[in-house]
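1. Give me the fold of what follows.
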Amino acid sequence: MILAATGLLREGRILAGQGIRPLAGGGDPARLLALLDRWAREADGIISIGLCGALSPRLRPGDWVVAEAVLDGDERHAVDGPWASRLMEALPGAAQGMQVGQDGMLTDAAGKAALHQATGALGVDMESHVAARVALRHDLPFAVARVVSDDAGHDLPPAAEAGMRRDGGMDLAAVLRSLARDPRQLPALIRTGWHAERAFRELLRGHHRLGPGLAGPAGAGDAGLV
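-> Numbering: from 1, shown residues only. You can find the predicted model right below:
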């Protein structure tokens, strides 16, 4: 069984299948850590997979990032090399480099630019560092494959952050309340939604290419690649 660490329940529904257990963190690192710890003893590997924010200005919504390592504060967590190679083989055009994991959502372009300059990382998400810690603790193979949903040059509107529930679901009421407080964010929210839909569609296509084992160690060699 492969554990798939995601942020949203929708990502998990896309990835669900035989041999895959999606676990949605909902932006709560303690919750995700507990879920991963609970299932790690039955797992053959852990992959952090789903949407991410771009740090590199070269990346656009729908682009894949396969991590060669994950930055977790001052720590650097290595990934399983053969697994990363299979991911790159199955996802033509994917960028490979550093991924940053952090507890909070990075919403502003200035913050993305500063983090990219400081680390050279390609993308950022709220699950990879947690998944890396659990994989290290349980001595499990670990990998990261993320689809860009927001590029480095745009700020995310407050409504986008307000819309994530702690279980990984979407809180439409919270989005509407945020819009009511500041209707000027509507164009940015629409753009964010378009970009996210592009990323969700690419995540589905990528899942089909990776196959039921997400190119992980549970499948031998090229099993699962199409």
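2. pretty sure Gly168 is touching Ala5, no?
-> No: between Gly168 and Ala5 there is no contact under CB atoms under 8 Å: 10.8 Å. C-betas here are computed from N, CA, C, even on glycine.
3. any shared contact partners between these two?
-> Common neighbours of Gly168 and Ala5, using CB atoms under 8 Å, 6 or more residues apart in numbering, are Gly25.
4. For those two, indicate the residue with more neighbours.
-> In this view Gly168 and Ala5 are compared by other CB atoms under 10 Å, and Ala5 has more residues nearby, 31 against 23.
5. which residues does that one contact?
-> By CB under 8 Å, 6+ apart, the residues touching Ala5 are 23, 25, 32, 36, 46-50, 127-128, 130-131.
6. give me the low-pLDDT residue ranges for the protein?
-> Low-confidence segments of the chain (pLDDT under 70): 218-226.
7. Including secondary structure, could the contacts of Ala5 go into JSON lines?
-> Converted to JSON lines, these look like this (DSSP: H, G, I helix; E, B strand; the rest coil):
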{"residue": "Leu23", "secondary structure": "strand"}
{"residue": "Gly25", "secondary structure": "coil"}
{"residue": "Leu32", "secondary structure": "helix"}
{"residue": "Leu36", "secondary structure": "helix"}
{"residue": "Ile46", "secondary structure": "strand"}
{"residue": "Ile47", "secondary structure": "strand"}
{"residue": "Ser48", "secondary structure": "strand"}
{"residue": "Ile49", "secondary structure": "strand"}
{"residue": "Gly50", "secondary structure": "strand"}
{"residue": "Glu127", "secondary structure": "coil"}
{"residue": "Ser128", "secondary structure": "helix"}
{"residue": "Val130", "secondary structure": "helix"}
{"residue": "Ala131", "secondary structure": "helix"}
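8. which residues touch the closest residue to Glu42 other than its chain neighbours?
-> Distances taken as CB to CB, 6 or more residues apart in numbering place Met1 nearest to Glu42, at 5.7 Å, with adjacent residues excluded. For Met1, the contacting residues are 19-21, 39, 42-44, 218, by CB under 8 Å, 6+ apart.
9. Which strands or helices does the longest helix along the chain pack on?
-> Using DSSP state H, we find that the single longest helix of the chain is helix 186-210. Judged by 3 or more CB pairs under 8 Å, 6 or more residues apart in numbering; DSSP states H and E, the packing partners of helix 186-210 are helix 9-15, strand 45-54, helix 81-90, strand 142-150, helix 158-162, helix 172-181.
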